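Colleague: coordinates only, sequence not included:
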């Protein structure tokens with residue numbers, strides 16, 4: 001599944017050069033699919049992808065995830081993997097990280113390795129900061145570099161309208177812009193900190209806390225994204241926000257009919273990719 005950042009705070013810079021982040025993350029039912037098969041006729045990882053814009057070599061997160069599992073398991077076997085992409089790339093939706101997590105889970109089941117979610121998340125952390133979250137989905141508070149993940153129950157589901165502008169926003173660039181444009185780091189609010197100790201939360205609470213530190217610099221460079229946010233709010237979204245560092249903007253709606261009516265507003269613009277997906281419906285699963 002794809003993920004949305006319902007809250008995203010970028011905090012202090014760490015000694016390793018990365019930033020500490022604090023986020024409330026939520027999966028939605030927009031999904032890629034990873035098919036993994038044992039290949040006794042060879043001893044390689046062979047990856048195929050239905051998206052020609054995504055490399056299928058050792059730079060691909062799915063390939064790297066498979067290699068990491070086999071290295072940890074100390075086995076050299078052949079795997080044929082097919083990746084079907086539906087989540088836009090470079091979109092702030094965690095598609096690559098989700099695919100990596102699905103690969104780790106899939107191989108764990110295929111080979112009966114027996115690893116816990118915590119062990120799989122530990123392997124995933126070496127691949128990307130969003131990967132551990134997907135082992136604790138659908139909703140979790142994520143902190144540090146992404147390695148601190150605690151699941152939280154978000155009561156009820158909503159409908160999300162995801163609007164992708166058709167171009168990516170590079171995460172490294174977004175961090176650089178944020179660092180050079182803001183005066184300092186605003187501390188995490190007490191209400192956000194309280195979420196870390198709660199076992200559940202509500203949409204009313206989330207809506208009152210929703211924010212994304214990347215919106216200022218990303219919207220300044222890409223006014224279209226700010227306009228999409230305003231369009232979603234004007235069409236009844238309870239909240240609208242940039243996800244991750246962009247470029248996708250999403251709106252949260254109480255009812256499916258309202259979400260689909262809002263999505264229809266964007267359908268006539270060929271440069272935009274628009275999706276309607278239910279929240280709380282997306283989890284890693286093996287079929």
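Modeller: In hand now; what should we look at? Being a predicted model, the structure only gives us computed values, none of them experimental.
Colleague: How much space separates the closest residue in space to residue 167 that isn't next to it in sequence from residue 272?
Modeller: Nearest residue to residue 167, sequence neighbours excluded (C-beta to C-beta, 6 or more residues apart in numbering): residue 247, at 6.0 Å. C-beta here means a position set from N, CA and C on the backbone, and glycine is covered the same way. Separation of residue 247 from residue 272 (C-beta to C-beta, to the nearest Å): 11 Å.
Colleague: These two - which one has more neighbours?
Modeller: The neighbour comparison of residue 247 against residue 272 (other C-beta atoms under 10 Å) goes to residue 247, with 26 against 14.
Colleague: Next, that one: phi, psi?
Modeller: Backbone geometry at residue 247, expressed as degrees, to the nearest 10, gives phi -100, psi 10.
Colleague: I'd guessed it sits against residue 168; true?
Modeller: Yes - Residue 247 is within contact range of residue 168, at 6.0 Å (criterion: C-beta atoms under 8 Å).
Colleague: Spell out which residues are contacts of both of the two.
Modeller: Residues touching both residue 247 and residue 168 (C-beta atoms under 8 Å, 6 or more residues apart in numbering) are 90, 91.
Colleague: Downstream of the longest strand seen in the chain, the next helix or strand is which one?
Modeller: In terms of residue count, the longest strand belonging to the chain (DSSP state E) is strand 2-13. Per DSSP states H and E, the first helix or strand lying C-terminal to strand 2-13 is strand 19-28.
Colleague: quick check: angle from that following strand to strand 2-13?
Modeller: Going by axes from the mean of the first three to the mean of the last three C-alpha atoms, to 10 degrees, strand 19-28 is angled at 170 degrees with respect to strand 2-13.
Colleague: Let's test this: mean pLDDT of strand 19-28, rounded?
Modeller: For strand 19-28, the mean pLDDT works out to 95.
Colleague: Number of residues surrounding the closest residue in space to residue 111 that isn't next to it in sequence?
Modeller: Distance criterion C-beta to C-beta, 6+ apart; nearest residue to residue 111, sequence neighbours excluded, is residue 73 at 6.9 Å. Neighbourhood size, residue 73 [other C-beta under 10 Å]: 14.
Colleague: wouldn't residue 73 be in contact with residue 113 here?
Modeller: Yes - contact status for residue 73 versus residue 113: in contact at 5.9 Å, counting by C-beta under 8 Å.
Colleague: what residue ranges in the stretch 151-287 of the chain are flagged as low confidence?
Modeller: Low-confidence segments of the stretch 151-287 of the chain (pLDDT under 70): 281-282.
Colleague: show me where it has helices.
Modeller: Ranges of helices in the stretch 151-287 of the chain, per DSSP state H, counting those that start in this stretch, are 171-181, 190-195, 203-209, 215-221, 223-234, 256-266.
Colleague: by contact count, what packs against the shortest one?
Modeller: Counting by 3 or more C-beta pairs under 8 Å, 6 or more residues apart in numbering; DSSP states H and E, the packing neighbours recorded for helix 190-195 are helix 203-209.
Colleague: now swap in the fifth one and tell me
Modeller: Under the contact criterion of 3+ C-beta pairs under 8 Å, 6+ apart, the helices and strands touching helix 223-234 comprise strand 159-164, helix 215-221, strand 239-242, strand 249-253, helix 256-266.
Colleague: would JSON lines of those with distance to residue 40 be doable?
Modeller: Output for those, formatted as JSON lines (distance: least, C-beta to C-beta, whole Å):
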{"stretch": "strand 159-164", "distance to residue 40": "40"}
{"stretch": "helix 215-221", "distance to residue 40": "48"}
{"stretch": "strand 239-242", "distance to residue 40": "46"}
{"stretch": "strand 249-253", "distance to residue 40": "43"}
{"stretch": "helix 256-266", "distance to residue 40": "46"}
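Colleague: nearest to residue 18, of those?
Modeller: Relative to residue 18, the nearest member of the helices and strands packed on helix 223-234 by C-beta to C-beta is helix 215-221, separated by 17.8 Å.
Colleague: For that closest one, which outside residues touch it?
Modeller: 169, 174, 177-178, 181-182, 225-226, 229, 241-242, 245-247.
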